[in-house]
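**Student:** Turn this into a model:
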Amino acid sequence: MAGKSQLAVTWHCYISSSIVNWREKILKRYGLPEVRYPFRQNTLFFGLYHWVDWLKFALCQGKRKVFWCGSDILALEKTYYWKHVIAKLKSEHICENYVEQQKLREVGIEARVQQICLSTPYPELSYKYKRNSDVYICVTQNRESEYGLTTLITVAKLVSEITFHVFGVLRPWQQPNVVYYGKVSERVFNQSIKNFHACLRLNEFDGFGDALAKSALMGQWPISAIAYPHITHAPGTEALIGALKELKNKKEPNYEGREYWLKELGKNLV
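**Tutor:** As a prediction, the model looks like this:
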């Protein structure tokens, strides 16, 4: 507790308005006082999405750290002026995978890789084997293709022994092995997934989603289009089909994956 209190005195956090829906989780997870005008404070910036964020970053006179969330990198890349300004200002930059790291490098920013999970408390080990697997995916409304729903619908026809559970959107039609839940509370989501076998994360450019973290922490065998330790890497349709068919052989929980991610996700950012 003393260590956390000392960090709270030394560092503050700034949370972009573009991720205000994550604000309470960020504050709870890191215990840092929030600032809206980070001038003299040592500040950890969560997301740099727009000109207000970029200006406040530039005006900060304390030490700076940036945790890049994903789409904020794409927003910065499209600018002419601000990407050069932010690249030149002294700061520590943090992102969640090598795809983001490479994109930042293209605009002159060197970042280290560290994944986070904002959902606390972390889920318990709950993996239970059965031959016909249940997998799940989280999809954002109006971004279905980006989140891999189109791919999932195609793949589901080829692995009919697996049931696919889709959270975040509804569809008026049903495939026999695809179930749509729409938007649900986190409590309902956590309860629904705890006895499933794998989270699918099919975004080709993305941060490390909390659903992927939860899957690993529950001892499941998550599958991702972006490579992470102890998570099955499936960068294309053929690899995804192969990974899904392999689930029937995962008779034990992913103990090594759970232990690895408990340690990694427990690390602080400051």
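
**Student:** CA only for contacts and neighbour counts going forward, please
**Tutor:** OK.

**Student:** Can you show me the strands along the stretch 1-150 of the chain?
**Tutor:** Assigned strands in the stretch 1-150 of the chain, in chain order: 11-15, 42-46, 64-67, 92-95, 112-113, 134-138 (criterion: DSSP state E, counting those that start in this stretch).

**Student:** Quick check: which of those strands is nearest to Gln174?
**Tutor:** Nearest to Gln174, of all these, is strand 134-138, at 15.4 Å by Cα to Cα.

**Student:** Just checking: what are the partner strands of that closest one?
**Tutor:** Using DSSP bridges, the neighbouring strands of strand 134-138 in the sheet come out as strand 163-167 (parallel), strand 198-201 (parallel).

**Student:** Bridged to the closest residue to Ala111 other than its chain neighbours, which residues?
**Tutor:** For Ala111, ignoring the flanking residues on the chain, the nearest one in space by Cα to Cα, 6 or more residues apart in numbering is His93 at 4.5 Å. Beta-bridge pairing for His93 (DSSP bridges): Val66.

**Student:** Now do the contacts for His93.
**Tutor:** Counting by Cα atoms under 8 Å, 6 or more residues apart in numbering, His93 touches 65-68, 109-112.

**Student:** Let's see that with 6 Å instead.
**Tutor:** With contact taken as Cα atoms under 6 Å, 6 or more residues apart in numbering, His93 is in contact with 65-66, 111.

**Student:** still on that earlier bit, closest one to Gln175 among the strands of the stretch 1-150 of the chain?
**Tutor:** In terms of Cα to Cα, the element of the strands of the stretch 1-150 of the chain nearest to Gln175 is strand 134-138, at 14.5 Å.

**Student:** Mind checking the pLDDT average for that closest one?
**Tutor:** For strand 134-138, mean pLDDT rounds to 97.

**Student:** ok now that strand, how far from the chain's centre?
**Tutor:** A distance of 15 Å separates the centroid of the chain from that of strand 134-138, by Cα atoms, centre = their mean, to the nearest Å.

**Student:** coming back round to it: the residue nearest to Ala111 and Asn254, how far apart?
**Tutor:** Distance, His93 to Asn254, using Cα to Cα, to the nearest Å: 31 Å.

**Student:** Tell me which of the strands of the stretch 1-150 of the chain sits nearest to Val155.
**Tutor:** Set against Val155 and scored by Cα to Cα, those come closest in strand 134-138, at 12.4 Å.

**Student:** on that earlier part again, okay, the strands of the stretch 1-150 of the chain in a markdown table with distance to Lys194 next?
**Tutor:** Shown next, in a markdown table, are those (distance: least, Cα to Cα, whole Å):
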| stretch | distance to Lys194 |
| --- | --- |
| strand 11-15 | 30 |
| strand 42-46 | 29 |
| strand 64-67 | 29 |
| strand 92-95 | 28 |
| strand 112-113 | 28 |
| strand 134-138 | 11 |
